[in-house]
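> with the sequence up front, the predicted model follows.
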Amino acid sequence: MSAGITGLVEQIERTRDELQTALSDPALASDRARYADVNRRWSSLAPAIALVERWRDAAARVDEAAELLAVDDDDDVRSLLHEAEDEKQALEPQIREAMVEPDPNDDKDVIVEIRAAAGGEEAALFARQLLEIYVKYAERRGFRTEQLSMSPADAGGVKDVTVAIKGKGAYSVFKHEAGVHRVQRVPETESQGRIHTSTATVAVLPEAEDVDVHINQNDLKIDVYRSSGPGGQSVNTTDSAVRITHVPTGIVVSMQDEKSQLQNRERGMRVLRARLYERAMAEQAAQISSARREQLGSGDRAEKVRTYNYPQNRVTDHRVGLTVQLREAVLQGDLGGLTAALAAEERRQLLEAHAAGAH
């Protein structure tokens, strides 16, 4: 038997024993964060444990058949030996794959922030279109959407918009949307029929719970002011808009869509919590810059994860080299093919990294 798989099997069994010990600890229930972590790890390890039990059973049958053959070369026993060896061999890649750590945020709700970048009003129109695509896609996947904030632009587009997408696995579906999206088309205002290139940036944040991020209220500076509409016109005669500044990090969140100061504050705290959680994840991964900046880049036209080409009716994802139809698929909210390809590529990279780490 290969030393690599034996070591991995023993590692899984040791982890199983450690988690069983932790789960039987009476003090676990009083520590919410640890309780959530241990249960998450147990759930994610369960498939690997089941595979290891089958592998151990096949290995025992191999040893037993080999002992019998050493005494008497019997065809039936030899057949049983080959069956057990084949089963054991088939289980090995399954065990390796089961041990690739899933993203702990995959099951979370998600906050998606879309911002118009290079291209002026055309970029703002594209940002609104991305919002419409994501809302349709969320509905297709059975998720609920909640618009948290929007800054409209003059020609019907949006300067920026923040939407929450709720449902088990929402983050796993939408996380691949992060980055710079580029559109190539003839704007309605273009009299010469020339193709323009514009961009919008998309940030995707797992929605954090209180247990994920503790925010000290003393670290917050909260300002209230009157909300205003496009062109500076006042849409509210009371101080209902809220600006929350997290002083230690300098993160600022503004909300003014709701008429109630309390509702704007609650929405602002949700976005702040998500941004702080993402920042903490980036620091844990020892990244030099925050995951947010890595996702967004500068918004320059040359930085892109996906191109939406209207004249050729196609959308190309540059990370996986996949092209799908624009009008018949993407504009109808059908991003399923792109999501599946990106998830498969993520899995491939994780397996590759896990295999490299095992050597």
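Yes, it's here. Residues are numbered from 1 along each chain as shown.
> ok, M99 to E87 distance?
The gap separating M99 from E87 is 19 Å, by Cβ to Cβ, to the nearest Å. (Glycine included, C-beta is placed from N, CA and C.)
> same check, this time on V100
22 Å.
> which of M99 and E87 has more neighbours?
Taking other Cβ atoms under 10 Å, M99 and E87 do not tie; M99 has more neighbours (21 against 16).
> report pLDDT for that one.
pLDDT recorded at M99 is 78.
> tell me the mean pLDDT over stretch 80-95?
Average pLDDT, stretch 80-95: 90.
> buried residues in that stretch?
80-81, 84-85, 87-88, 91-92, 95 (16 or more other Cβ atoms under 10 Å).
> all helices for the chain, in order.
For the chain, the helices defined by DSSP state H cover 3-23, 32-71, 75-98, 120-140, 170-174, 261-284, 291-296, 336-358.
> contact partners of the fifth one?
Where contact means Cβ atoms under 8 Å, 6 or more residues apart in numbering, the residues beyond helix 170-174 that reach it are 103, 105-110, 112, 134, 137-138, 141, 143, 165, 204, 206-207, 339, 343.
> ok, 10 Å please
102-112, 134, 137-138, 141-145, 163-165, 167, 202, 204-207, 335-336, 339, 342-343, 346 (Cβ atoms under 10 Å, 6 or more residues apart in numbering).
> and those residues, which are buried?
Neighbour-count burial (16+ other Cβ under 10 Å) applied to these gives 105-112, 134, 137-138, 141, 143, 145, 163-165, 167, 202, 204-207, 335, 339, 342-343, 346.
> re the thing from before, using a markdown table, lay out the helices of the chain together with distance to N313.
Shown next, in a markdown table, are the helices of the chain (distance: least, Cβ to Cβ, whole Å):
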| stretch | distance to N313 |
| --- | --- |
| helix 3-23 | 47 |
| helix 32-71 | 41 |
| helix 75-98 | 37 |
| helix 120-140 | 15 |
| helix 170-174 | 24 |
| helix 261-284 | 35 |
| helix 291-296 | 27 |
| helix 336-358 | 15 |
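> quick one: closest of these to I251.
helix 261-284 (5.4 Å; Cβ to Cβ).
> for the closest one, packing partners?
strand 110-116, strand 144-152, strand 158-166, strand 196-206, strand 220-225, strand 241-246, strand 251-255, helix 291-296 (3 or more Cβ pairs under 10 Å, 6 or more residues apart in numbering; DSSP states H and E).
> how about that helix: buried residues?
Neighbour-count burial for helix 261-284, counted by 16+ other Cβ under 10 Å, picks out 261, 264-265, 267-279, 281-282.
> how about K168: what's its closest non-neighbour residue?
D107 (5.5 Å; Cβ to Cβ, 6 or more residues apart in numbering).
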